[in-house]
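Asks: Task: produce atomic coordinates for the following.
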Amino acid sequence: MEGRTASSLLRLPVSVRGIRLGEVVAVLVDREADRIIGLDVRCGDGVNRFLPFSTARENGAGIEIGSALTLLDPPELAFYRSRSRSLAGASELAGARIGKHGVLEGPVSGRW
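Replies: I've put the predicted structure just below:
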């Protein structure tokens, strides 16, 4: 995913072996560093789950994961939400590009 803007991840479908599981509704960024920690995914059953950024791979049509088990349930999502910020709430990061290991590069104007 290196090189694409972080905001371009929003609304991408998330799938396992071509089976759509849901779509990205939020990009969660570390509070202490400008780095993506994970994605908030709205799944087909209507439940939001946490997808660790390190497990997500771009497949041309969206995001591919190796197993549905990498989508963590709502309690884990709540844990990571409480320790991060949503990209949508940080307009200064809208044009930031994803670098190695999810580090945001480019027009990043400081912490929130």
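
Asks: and the spatially most central residue of the chain, which of the three is it?
Replies: Central residue of the chain (CA atoms, centre = their mean): residue 39, 2.7 Å from the mean position. Using DSSP: H, G, I helix; E, B strand; the rest coil, the structure places residue 39 in strand.

Asks: contacting residues around it?
Replies: The neighbours of residue 39, taking CB atoms under 8 Å, 6 or more residues apart in numbering as the test, are 9, 14, 24, 26, 27, 28, 50, 51, 53, 56, 63. For the C-beta atoms, the positions are set from N, CA and C on the backbone; glycine is no exception.

Asks: close enough to count as contact, the fourth one and residue 85?
Replies: If I follow you right, that is residue 26. No: if you go by CB atoms under 8 Å, residue 26 and residue 85 don't touch, sitting 9.8 Å apart.

Asks: check contacts around residue 3.
Replies: Residue 3 touches 97, 98, counting by CB under 8 Å, 6+ apart.

Asks: gap between it and residue 98?
Replies: Going from residue 3 to residue 98 by CB to CB, to the nearest Å gives 7 Å.
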